[in-house]
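Engineer: need a structure here:
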Amino acid sequence: MSMNITPFVPGQAIPKPQVPTGDDSAARQGAWRTAQEFEAFFLSRAMDDMFAGVKTDGPMGGGQGESMFRALLNEEYGKIVAGTGGVGIADAVYREIIKLQESKANANA
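Structural biologist: Model prediction:
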């Protein structure tokens with residue numbers, strides 16, 4: 001399965017990732033899920049850092065409850081972004097996983 005990588009041009013729509021479908025093996029489907037989960041995790045950690053400096057104010061702002069809620073919210077944001085096309089991390093990780101699986105299969109043959 002070959003994937004074409006096109007450079008991002010500002011103002012252009014971001015292309016959807018090529019999700020394995022049809023007669024692809026279960027290993028490829030699993031590799032794609034793993035790549036998406038990695039991208040979601042990466043994005044949620046990036047959002048944690050991004051929101052770390054945001055101060056909350058008011059009598060209902062801040063505290064342990066808000067920091068816990070923010071972490072859970074960032075996790076969900078990461079899943080949503082990765083599930084709707086992401087930023088390209090899942091595509092790259094997927095290609096690397098497939099390369100490793102193919103090289104392992106070739107070594108065992």
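Engineer: from memory Phe41 sits against Gly78, does it?
Structural biologist: Yes - Phe41 is within contact range of Gly78, at 6.6 Å (criterion: Cβ atoms under 8 Å). For every residue, glycine as well, the C-beta is placed using N, CA and C.
Engineer: of these two, who's got more company?
Structural biologist: Between Phe41 and Gly78, counted using other Cβ atoms under 10 Å, Gly78 has the larger neighbour count: 22 against 15.
Engineer: correct me, but that one touches Glu37?
Structural biologist: No - under the criterion of Cβ under 8 Å, Gly78 makes no contact with Glu37, lying 9.7 Å away.
Engineer: In terms of secondary structure, what does the one helix or strand Phe69 maps to contact?
Structural biologist: Secondary structure assigned from DSSP states H and E places Phe69 in helix 63-83. With contacts taken as 3 or more Cβ pairs under 8 Å, 6 or more residues apart in numbering; DSSP states H and E, helix 63-83 sits against helix 26-51.
Engineer: Helix 63-83 and the helix it packs on, what's the angle between them?
Structural biologist: Per axes from the mean of the first three to the mean of the last three Cα atoms, to 10 degrees, the angle that helix 26-51 makes with helix 63-83 is 140 degrees.
Engineer: Flag every buried residue along helix 26-51.
Structural biologist: 28, 31-32, 35-36, 38-40, 42-44, 47 (16 or more other Cβ atoms under 10 Å).
Engineer: and of these, the nearest to Asp91?
Structural biologist: Of all the buried residues of helix 26-51, Asp91 sits closest to Ala35, with 7.4 Å by Cβ to Cβ.
Engineer: and the closest one, what is it in contact with?
Structural biologist: Ala35 makes contacts with 89-91, 93-94, 97, as judged by Cβ atoms under 8 Å, 6 or more residues apart in numbering.
Engineer: gap between the nearest residue to Glu37 once chain neighbours are set aside and Ser25?
Structural biologist: Excluding the flanking residues, the one nearest Glu37 by Cβ to Cβ, 6 or more residues apart in numbering is Ala82, at 7.7 Å. Distance, Ala82 to Ser25, using Cβ to Cβ, to the nearest Å: 22 Å.
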